[in-house]
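Student: With the input below, show me the fold.
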Amino acid sequence: MRNDRVRLIKRVLIAIPFILSLAAIVLSVITLWQVNDINRRLKSVSLNSYVEQTLVSNNYIVEDKGDPQAGANVITFGGGTGNADSIPPGEDEKVKVYLTFDDGPGPNTAEILDILKKHNVHATFFVNGTASEKTAFEPLYKRIVDEGNAIGMHSYSHRYSEIYSSAEAFETDLDKIHTLIYNETGIDTKLYRFPGGSGNTVSRIPMETFADILHERGYEYYDWNIYPGDRTGQSYPKEVIVSGVLDAVGEFRSAIILLHDSDNHDSTVKALPEIIEELLALDVEFCVIDDTTPAIQQVVY
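Tutor: Okay, here's the model as predicted:
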């Protein structure tokens, strides 16, 4: 009987690696499906609801102000003059690729800049202001632009409940991040990316109010048309991030890719070299966002 128990234990121990491998494969398939679903949602009119669900789940929801017009806009990647490039390229036309990084500078920004420099590729960084309060990250604002990358505003605080609480609060935050970027880099940036995107329904004040503020100042907002899901965090498989970009990039004349360089995005760092190398092999044209870039927008205001 003892020998039977020993044999049983051995069989269980042998089976464990196979069970774990099978579980890993199933998890990868599920995760890949989730990324494909994210990209599908980005192209559909359901993005408002999806963004809201995502932000609510992360406790970013803004207090309900009872405004019945909030979130009433329909999301589109076409039909507006700013979105003309969000269509497939012509047969002999190079795809323009815009790598963009949100929420930094942060713990991963320096390594991302190293990767970009190594491959002689530039990106656009939509930065927050809180990094200026940390000695280790403050020099990164200047390094971003010194190495040929573009820099844009992504709010100072990145606190939805504050930024979208009123037009006055939005303007205060906008002034703060614009002044910070100018003081740190000397760049009078006109680029802005709304936290949550222009199509979010988290704000109970119509997003058109905030878009009007930007346009009155000569600023423009830029969303994205490819999102490989890296916001999930460092445990997200890098292979899924890579495939999430490569599987979608050929669908657009101008591909604006949303990634993140803040903390808990180790997988983004690991995925970036492969993304760049695969895109270079496809002979795409890497670009940074400037005032000549078609404004890919979820909602055109």
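
Student: Now do the contacts for the closest residue to residue 273 other than its chain neighbours.
Tutor: The shortest distance from residue 273 to any residue other than its chain neighbours is 5.6 Å, reached at residue 115 (CB to CB, 6 or more residues apart in numbering). Quick note: C-beta positions are derived from backbone N, CA and C, even for glycine. Contacts of residue 115 were listed using CB atoms under 8 Å, 6 or more residues apart in numbering, and they are 269, 272-273, 276.

Student: What is the nearest of those residues to residue 241?
Tutor: residue 272 (8.6 Å; CB to CB).

Student: Is that closest one in contact with residue 112, as I believe?
Tutor: Yes - in this structure residue 272 lies within contact range of residue 112 using CB atoms under 8 Å: 6.3 Å.

Student: Which helix or which strand is home to the nearest residue to residue 246 once chain neighbours are set aside?
Tutor: Excluding the flanking residues, the one nearest residue 246 by CB to CB, 6+ apart is residue 278, at 5.6 Å. Taking DSSP states H and E as the criterion, the element that holds residue 278 is helix 266-281.

Student: Please apply the same query to residue 126.
Tutor: Using DSSP H and E, residue 126 falls in strand 124-127.

Student: Pairing partners for that strand, with directions?
Tutor: Strand 124-127 has the following strand partners under DSSP bridges: strand 96-104 (parallel), strand 150-153 (parallel).

Student: okay, those strands, which one's buried deepest?
Tutor: With neighbours defined as mean count of other CB atoms under 10 Å, those peak in mean count at strand 96-104, which reaches a mean of 25.

Student: For that strand, what is the distance to the chain centroid?
Tutor: Average the C-alpha atoms of strand 96-104, do the same for its chain, and the two points are 7 Å apart (CA atoms, centre = their mean, to the nearest Å).

Student: C-terminal to that strand, what's the next element?
Tutor: Using DSSP H and E, the next helix or strand after strand 96-104 towards the C-terminus is helix 109-118.

Student: Kindly export that following helix (C-alpha atoms) in CSV.
Tutor: Extracted C-alpha coordinates of helix 109-118, given in CSV (Å, rounded to 0.1, in the frame of the first residue of the first chain):
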residue,chain,number,x,y,z
THR,A,109,10.4,56.3,-18.8
ALA,A,110,14.2,56.3,-18.8
GLU,A,111,14.4,52.7,-20.1
ILE,A,112,11.8,53.5,-22.8
LEU,A,113,13.9,56.5,-23.9
ASP,A,114,16.9,54.2,-24.0
ILE,A,115,15.1,51.8,-26.3
LEU,A,116,13.8,54.6,-28.6
LYS,A,117,17.3,56.0,-28.8
LYS,A,118,18.9,52.6,-29.6
